[in-house]
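> Give me the fold of what follows.
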Amino acid sequence: MHLADRGLVTQVQDLLKYPVQQCPDFLSLALLQTNQPMTLFKQELLCSLIPIFLANHANSAVILHHIWHNQVSRFLELTYFVSLVLNYLKVFRSISELGD
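Take a look at the predicted model:
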């Protein structure tokens with residue numbers, strides 16, 4: 001995480017591709033249990049992992065429980081909610097433009 005905060009975001013994203021795809025539950029728990037502050041990279045990574053657990057993942061209940069009871073949960077809820085609203089607005093605009 002420190003490397004991403006120092007401008008090496010692309011390299012850190014490349015390193016985390018495998019865990020994001022193969023073990024997002026372990027990665028999420030690791031991110032939630034660290035004592036590091038909530039950085040922009042950590043926030044974006046956690047927000048990108050949340051949809052995996054809202055879908056049909058074997059460990060959804062455990063991960064969502066940890067997210068809900070974690071100290072960063074309120075921050076993530078607000079951030080994720082805002083991103084969902086923005087995505088829905090984008091889709092709504094696209095659909096309305098198709099009708100024009």
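
> count of residues packed around residue 65?
Residues near residue 65, counting by other Cβ atoms under 10 Å, number 11. Placement of C-beta: from N, CA and C, glycine included.

> any idea how far it is from residue 4?
Distance of residue 65 to residue 4, computed by Cβ to Cβ, to the nearest Å: 26 Å.

> Any chance you could list what contacts the host helix or strand of residue 17?
Under the criterion of DSSP states H and E, residue 17 resides in helix 9-22. For helix 9-22, contacts defined as Cβ atoms under 8 Å, 6 or more residues apart in numbering pick out 1, 3-4, 26-27, 41, 45, 48-49.

> Show me which residues of that helix are buried.
12, 16 (16 or more other Cβ atoms under 10 Å).

> Report the mean per-residue pLDDT for that helix.
The pLDDT scores in helix 9-22 average 93.

> quick revisit: take the contacts of helix 9-22 and keep only those in helices.
3-4, 26-27, 41, 45, 48-49 (DSSP state H).

> filter these to the buried ones?
The neighbour-count criterion (16+ other Cβ under 10 Å) marks 4, 27, 41, 45, 49 among these as buried.

> Among the ones in helices among the contacts of helix 9-22, which has the minimum pLDDT value?
residue 4 (77).

> so that one touches residue 39, yeah?
Yes - applying Cβ atoms under 8 Å as the test, residue 4 and residue 39 come out as touching, 7.3 Å apart.

> now this structure, which segments are flagged as low pLDDT?
For the chain, residues meeting the criterion pLDDT under 70 lie at 71-82, 84-86, 88-89, 91-100.
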